[in-house]
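**Student:** quick one, structure for this:
(chains A, B, C and D, ligands or ions: 6)
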Amino acid sequence: MADLTQHLFGVEFQGPALLASGTCGYGQDYADLIPLDRLGGIVTKAVSLEPRRGNPPHRVSETPGGMINAIGLENVGLKAFIAEKLPWLRQNLRRAHVFVNVVGWTEDDYAGVVAGLDGENGFVGYEINVSCPNVKGGTMFGTDEQALASLVSRLRAETERPLIVKLTPNVPDVCVYARICEECGADGLSAINTLPGMLIDIERRRPVIGNVSGGVSGPAILPMGVYATWKAATATSIPVMGIGGIRDGADAMQYILAGAALVQVGTASFVDPSASVNVQQGIDDYLDRHGVDRLTDLVGALELPAR
Amino acid sequence: MADLTQHLFGVEFQGPALLASGTCGYGQDYADLIPLDRLGGIVTKAVSLEPRRGNPPHRVSETPGGMINAIGLENVGLKAFIAEKLPWLRQNLRRAHVFVNVVGWTEDDYAGVVAGLDGENGFVGYEINVSCPNVKGGTMFGTDEQALASLVSRLRAETERPLIVKLTPNVPDVCVYARICEECGADGLSAINTLPGMLIDIERRRPVIGNVSGGVSGPAILPMGVYATWKAATATSIPVMGIGGIRDGADAMQYILAGAALVQVGTASFVDPSASVNVQQGIDDYLDRHGVDRLTDLVGALELPAR
Amino acid sequence: MESGGRRVIVTALDHQRSQRLTTGRREAPVPQRIRHRERASVVASRRVAEATVWLELESPAVAADSRPGQFVMLGYGLDSPGQFMLPRPFSVGWRSGDGRIGILLRIFGGGTHRLSTLRPGDSLLVLGPLGVPFRLDERPVQCIAGGVGLAPFIFLSDQATAAGRSVRLIYGERSGSHVFDPELVKRLTGMEPEVWTEDGSLGRQGLVTRGMDLEDDSILLACGPTPMLQAVRSLAHKHGKPLQVSVEEYMGCGVGTCQGCVVPGSDGRWIKSCLEGPVFDAEDLAWPT
Amino acid sequence: MESGGRRVIVTALDHQRSQRLTTGRREAPVPQRIRHRERASVVASRRVAEATVWLELESPAVAADSRPGQFVMLGYGLDSPGQFMLPRPFSVGWRSGDGRIGILLRIFGGGTHRLSTLRPGDSLLVLGPLGVPFRLDERPVQCIAGGVGLAPFIFLSDQATAAGRSVRLIYGERSGSHVFDPELVKRLTGMEPEVWTEDGSLGRQGLVTRGMDLEDDSILLACGPTPMLQAVRSLAHKHGKPLQVSVEEYMGCGVGTCQGCVVPGSDGRWIKSCLEGPVFDAEDLAWPT
Ligand SMILES: Cc1cc2nc3c(=O)[nH]c(=O)nc-3n(C[C@H](O)[C@H](O)[C@H](O)COP(=O)(O)OP(=O)(O)OC[C@H]3O[C@@H](n4cnc5c(N)ncnc54)[C@H](O)[C@@H]3O)c2cc1C
Ligand SMILES: Cc1cc2nc3c(=O)[nH]c(=O)nc-3n(C[C@H](O)[C@H](O)[C@H](O)COP(=O)(O)OP(=O)(O)OC[C@H]3O[C@@H](n4cnc5c(N)ncnc54)[C@H](O)[C@@H]3O)c2cc1C
Ligand SMILES: Cc1cc2nc3c(=O)[nH]c(=O)nc-3n(C[C@H](O)[C@H](O)[C@H](O)COP(=O)(O)O)c2cc1C
Ligand SMILES: Cc1cc2nc3c(=O)[nH]c(=O)nc-3n(C[C@H](O)[C@H](O)[C@H](O)COP(=O)(O)O)c2cc1C
Ligand code: FES
Ligand code: FES
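**Tutor:** Ligands and ions are numbered 1, 2, ... in the order given. Below you'll find the predicted structure:
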């Protein structure tokens, strides 16, 4: 039983595993299946200023070693989130920390959500989704250096709460964008969001996904996620949440050794709702097996070959 | 038995399947295992001006649904390629077409290889590798709009032979780079090269790959490849070779419907050397099953949902 | 860790929705929703028709709480050496008195192909029971089944006949080779299905809709391919007959968290079919006109 | 399509290299290289030690042309509903008179775990025989095996004893629970292995290198973990004894096309171990000093 606790973003995390945005709704629908409050935390489905209807079906399908999705950021919108979702999170998650995933199509959209939420209780901070590839232009902020810098600075001015920017892997060099976020005042980074992809139904000769293209997630993207996490962690000095294809403690340890302080579990929860809980347990077991007392001893403990 | 032939790049292809660069050496080592000359063609391992030693081991490893490699562009170099490899290709491949994959670290490197090869026989044209993620700066040309434009224009001036540029998926929008290639005189495009990734040996706490990071290939990247192919094909009017995770005729048909005139088979050949031959056969079977007479009828025949 | 039978009250939303899921008359209050995550072992796997397998799983918790129309997500979990596979949704096709559930599985693509190769002793991860069941009252029932859409009606007929309720089971397939052995259906349900095949190679020749009685005072329940559901619905609509349909949409989680499984509602919103379905009052959905 | 037994002459390079692969004396000319792609079915799969399985495959073409020290790539091919898996390299561990090959498989990670679950009747895709075999002459042979490095020496001993050649088989494992049943080895090879275990729980206690005779006029052949190979090599080097080692490096294709499997040569170049190895004259490789 090693020490998994970490002090990050001004709070104590009892464990390193969180549920990834869009794969756990607003928590409630997993509450009867797993002990949510044992996790490090959860990241909500994206919240936008206005409710969004989302994309037509099919919205999800399996791909080799993973899945593709194009939900289209369907969500209840800021007002309903505060009225209907936040109260449940506030009442039911006492030790697991809540981050609100924020999405928008203009700086004002993002700023509006942050401003509207900032006074509420029941969540710790924000994960800014600048990289959802599912909606036209959705990748803009995450792949445009100026737009990203301006957005992060603007949001930094709006809130004292932890501000975590979720990076897209879909750029030549993640380090550039990671540094911009740090310089503009982000408290942390998440890496990675889905990779853009497309599947074709060869019998109907049409895209499988109603939105034509979607975002690829799951084990298939694990090496891309580990690499982006390693780059982001070495390029900056702020905490990184590692995301992408994590199924178990061994996968999570790759991210942690690469420099992730926390990890998020997404697609794996669809295969087994207990995945996140098992990931956290598996990390604990790894530490015990290797006689390591504190998780923090291994964050970024990767050794590089002599060059 | 549908008609698989296509006239592209000034030659006739008997079938749409080629072996992808780096996965078939210079052809010879597959000659006893598969009927190479039945394929559309092969793309050689990268050829650079000088011989290259390549990266230390481990150079390859499996990843979920795919593999990662960092060979480091080890190759015999221009001179030895002409002296030792080209003669075998010339003698043994009479109907399968040979493309030489060209790599370099400066414009002059690339130009030197093209100039040095242009007078030789035994190959049809060049596939310009501007996107190998394995070598420091290796992605530069493929992700830098100016550098790419300048390189393609320079090579266009060096040769009359078919010039195919192999795109990297590792950019926000493949269309931008595809258009640059077309405008600067490229005759065709290949999409995609590997996606950058990293694997960590959690027992040794070191990267699995000697080069630390590598390129991810195989079925895991199929949706990314189909998407990039669709974007490149719709953004330009030059032929596209679809690459990424193709295992069988069904996978290949996704690329063809997305707009690929030809497909390349890489990692799948490691699982079964006959993969490329079976891909070509599988496409033939699909056409027969659907009563389509000519392969060309289905290139880019994807229907999009009404918006 | 197995989360076993932790119980939760259905959310208000589910409750209202289930209330609306009536077939015209007032109902007994909706029972609590119970979902289990259970490791199940394959007890039997029999090829029962062309590309069709009957699976029996030892899954006591799911068996105990399932009701006809509900479904399970079937998969390998994460600790198998095999391939990563998203779980696949399947109707609960039957349950035994002693903790087994039956799945009528037809090979469609990669996942169902893989599941069709399961052998006795193999282990699966089962999530269920999921979704909203068919809602019955005192009226007689006509079940219209297309292909493996038969599955939920085997379960339903078994319970109905046990309860002495009058049920008609109208079952259509493309051809006789696809028909799930009527003898086995009889053994499982105690009743004879009325078999229709498009090519007439078994039972009566024609589309299953030909077998429907639109004049009686029964409730119509339909499960099968979307074109069939559309045909059934337009007939029911024309004759003002109450109809519940079980729909199929691609699913990610099966439990309401991913928003992957939406179908268009008559009120213009996207409805999660894994949570508010798969069984719907036909008139709550939007249909092509 | 099966490319069956199409025959090709070894490339000049392989030929020179094999010529250099002598152990000091002149040799018979190198035979032609023959490689097959063959669908093979599992005949038997027996757990023979801790985390260790003995697989027998019906693979007649590969069996017919294999020589001790050569290896095969074992995988599922591309048409199985199961997971994508790169094939894995395994030494040919034995062959029967009637077309079977034996593989001594130890569970290491995901792939070997999956292969260890194979059952009789399952089908595999086999590529082989691959690489360069051990090269023998009239001199007696000492085989030094670490762990499943025993595999090629079962094959070699079987042939050697049949040919009336004198062979010593020195076999080390961490502990007795890992030792491949000496009785079975005897049945397969007609000879007794000299067993060493690090913890002394079976056979003699100590590292396998303790069993080597460095004074006689034998050839040393070694196969096992790299640290063991290094120890054997430094002893052989010190005593000027000829040594051939079989090395292990991660492989992509196994047939020479991907350049994935390189090991450092004494001449400073990277050598493809799938084509010029896996068996090398120890002095052709670079060793840590
Ligand atoms: C509520 C519900 C109950 C079902 N009950 C049964 C049953 O009792 N017996 C039975 O044989 N089948 C049933 N199905 C259909 C079954 O889930 C699909 O045939 C199966 O998911 C196809 O997977 P595949 O890998 O073989 O097909 P592929 O096309 O290879 O699957 C690719 C992706 O498409 C999805 N997909 C493809 N077709 C369907 C479909 N019709 N419905 C949902 N997802 C699909 C898969 O889940 C996967 O994500 C049911 C579906 C739903 C939604
Ligand atoms: C020429 C040769 C002969 C071999 N003969 C045998 C034998 O007779 N019996 C036996 O049990 N094992 C043998 N091995 C080792 C065996 O190939 C590895 O144990 C196996 O590949 C590990 O795969 P994995 O998925 O279990 O391990 P993982 O670590 O999960 O595999 C991940 C990746 O690493 C590679 N890898 C990991 N360890 C090794 C290794 N030691 N050698 C090569 N690749 C590795 C795998 O191929 C895969 O690409 C041999 C290896 C070589 C090169
Ligand atoms: C169905 C689905 C919906 C998602 N929705 C969001 C979202 O709203 N906001 C966001 O930032 N990421 C979203 N993601 C991305 C995940 O949070 C995660 O970054 C990605 O799936 C990679 O992790 P995984 O491989 O563990 O799933 C979504 C992913 C999936 C599969
Ligand atoms: C071992 C290996 C070596 C490769 N070497 C090259 C290369 O030299 N030049 C190049 O353009 N692409 C190279 N590639 C990329 C492939 O040509 C192909 O673009 C990629 O692997 C995706 O296709 P696949 O999924 O079918 O393997 C290499 C790929 C692998 C696996
Ligand atoms: S399948 Fe995930 S919400 Fe319905
Ligand atoms: S494994 Fe591909 S060249 Fe050796």
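
**Student:** all contacts plus neighbour counts: C-alpha atoms, from now on.
**Tutor:** OK.

**Student:** got the phi/psi numbers for residue 187?
**Tutor:** Assuming you mean chain A. phi -90, psi -20 (degrees, to the nearest 10).

**Student:** oops, chain C please
**Tutor:** According to degrees, to the nearest 10, C:R187 has phi -60, psi -40.

**Student:** and it, how far from ligand 6?
**Tutor:** 56 Å (C-alpha to the nearest ligand atom, to the nearest Å).

**Student:** and for A:G116?
**Tutor:** Distance from A:G116 to ligand 6, by C-alpha to the nearest ligand atom: 57 Å.

**Student:** which residues are in contact with that residue?
**Tutor:** Counting by C-alpha atoms under 8 Å, 6 or more residues apart in numbering or on different chains, A:G116 touches A:L78.

**Student:** I'd like the average pLDDT over the helix or strand containing it.
**Tutor:** Using DSSP states H and E, A:G116 maps to helix A:107-118. For helix A:107-118, mean pLDDT rounds to 96.

**Student:** near ligand 3, anything from it?
**Tutor:** No. Applying C-alpha under 6 Å from any ligand atom, one finds helix A:107-118 separated from ligand 3 by no less than 13.2 Å.

**Student:** can you show me the strands along the stretch 151-289 of chain C?
**Tutor:** C:167-173, C:194-197, C:204-205, C:219-223, C:243-246, C:262-264, C:270-272, C:279-281 (DSSP state E, counting those that start in this stretch).

**Student:** for the residue of chain A most remote from its centre, give its distance to ligand 3.
**Tutor:** Of all residues in chain A, A:E203 has its C-alpha farthest from the mean position, at 34.9 Å, by C-alpha atoms, centre = their mean. Using C-alpha to the nearest ligand atom, we find A:E203 at a distance of 25 Å from ligand 3.

**Student:** just C:S177 next, same as before
**Tutor:** Taking C-alpha to the nearest ligand atom, one finds C:S177 at 38 Å from ligand 3.

**Student:** ok so, going back, which of the three states applies to the residue farthest from the centre of chain A?
**Tutor:** coil (DSSP: H, G, I helix; E, B strand; the rest coil).

**Student:** nearest spatial neighbour of the residue in the stretch 201-307 of chain A positioned nearest to ligand 5, chain-adjacent residues omitted?
**Tutor:** With C-alpha to the nearest ligand atom, the shortest gap between the stretch 201-307 of chain A and ligand 5 falls at A:F270, namely 8.1 Å. Distances taken as C-alpha to C-alpha, 6 or more residues apart in numbering or on different chains place C:C253 nearest to A:F270, at 4.5 Å, with adjacent residues excluded.

**Student:** now do C:G147
**Tutor:** C:G147 sits nearest to C:E173 (C-alpha to C-alpha, 6+ apart), 5.2 Å away.

**Student:** if I look at the residue of the stretch 201-307 of chain A found nearest ligand 2, what pLDDT would I see?
**Tutor:** Nearest to ligand 2, among the residues of the stretch 201-307 of chain A, is A:A250, at 11.6 Å (C-alpha to the nearest ligand atom). As predicted, A:A250 sits at a pLDDT of 97.

**Student:** what do you get for A:P133?
**Tutor:** Taking A:P133 on its own, its pLDDT is 46.

**Student:** so how far is C:L104 from C:L55?
**Tutor:** 6 Å (C-alpha to C-alpha, to the nearest Å).

**Student:** circling back to that earlier point, for the residue farthest from the centre of chain A, give me phi and psi.
**Tutor:** According to degrees, to the nearest 10, A:E203 has phi -80, psi -40.

**Student:** what about the helices in the stretch 151-300 of chain A?
**Tutor:** Taking DSSP state H, counting those that start in this stretch, the helices of the stretch 151-300 of chain A run over residues A:174-183, A:222-235, A:249-258, A:268-271, A:275-289.

**Student:** for the residue lying closest to C:W270 once chain neighbours are set aside, give me its contacts.
**Tutor:** Ranked by C-alpha to C-alpha, 6+ apart and with sequence neighbours excluded, the top spatial neighbour of C:W270 is C:P264, at 4.8 Å. Contact analysis of C:P264 by C-alpha under 8 Å, 6+ apart lists C:270-271, C:285-286.

**Student:** check A:V174 too.
**Tutor:** Neighbours of A:V174 in contact, by C-alpha under 8 Å, 6+ apart: A:167-168, A:228, A:231-232.

**Student:** how many neighbouring residues does A:M1 have?
**Tutor:** By other C-alpha atoms under 10 Å in any protein chain shown, 12 other residues sit near A:M1.

**Student:** can you tell me how far it sits from A:L49?
**Tutor:** From A:M1 to A:L49 the distance is 43 Å (C-alpha to C-alpha).

**Student:** now the helices for chain C?
**Tutor:** Per DSSP state H, chain C carries helices over the ranges C:12-20, C:60-65, C:110-116, C:151-162, C:182-189, C:226-238.

**Student:** that older thread, can I get the helix holding A:G116 as CSV, trimmed to CA atoms?
**Tutor:** Extracted C-alpha coordinates of helix A:107-118, given in CSV (Å, rounded to 0.1, in the frame of the first residue of the first chain):
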residue,chain,number,x,y,z
GLU,A,107,-12.9,33.4,-26.8
ASP,A,108,-16.1,34.9,-25.4
ASP,A,109,-17.8,31.5,-25.4
TYR,A,110,-15.0,30.0,-23.3
ALA,A,111,-14.8,33.1,-21.1
GLY,A,112,-18.6,33.1,-20.6
VAL,A,113,-18.6,29.5,-19.3
VAL,A,114,-15.7,30.2,-16.9
ALA,A,115,-17.2,33.4,-15.7
GLY,A,116,-20.6,31.7,-15.2
LEU,A,117,-19.2,28.8,-13.3
ASP,A,118,-16.4,30.4,-11.3
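
**Student:** list the buried ones in that helix?
**Tutor:** A:107, A:109-114, A:117-118 (16 or more other C-alpha atoms under 10 Å in any protein chain shown).

**Student:** for those residues, which one is nearest D:G75?
**Tutor:** Nearest to D:G75, judged by C-alpha to C-alpha, of those is A:Y110 at 50.2 Å.

**Student:** is it true that that closest one touches A:V103?
**Tutor:** Yes. Between A:Y110 and A:V103 there is a contact under C-alpha atoms under 8 Å: 6.1 Å.

**Student:** what's the overlap in contacts for those two?
**Tutor:** A:S48.

**Student:** which residues touch the residue in the stretch 51-200 of chain A that ligand 4 sits nearest to?
**Tutor:** Nearest residue of the stretch 51-200 of chain A to ligand 4, counting by C-alpha to the nearest ligand atom: A:P64, 11.4 Å away. A:P64 makes contact with A:220, B:65, B:219-220, B:222, according to C-alpha under 8 Å, 6+ apart.

**Student:** let's have those residues in CSV, adding neighbour count and pLDDT.
**Tutor:** Shown next, in CSV, are those (neighbours: other C-alpha atoms under 10 Å in any protein chain shown; pLDDT from 0 to 100):
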residue, neighbour count, pLDDT
A:A220, 30, 97
B:G65, 26, 95
B:P219, 26, 97
B:A220, 30, 97
B:L222, 30, 98
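
**Student:** among those residues, which are within reach of chain D?
**Tutor:** B:65, B:219 (C-alpha under 8 Å from any C-alpha of the partner chain).

**Student:** if we check ligand 3, which of the contacts of A:P64 are in contact?
**Tutor:** Counting by C-alpha under 6 Å from any ligand atom, no member of the contacts of A:P64 is near ligand 3.
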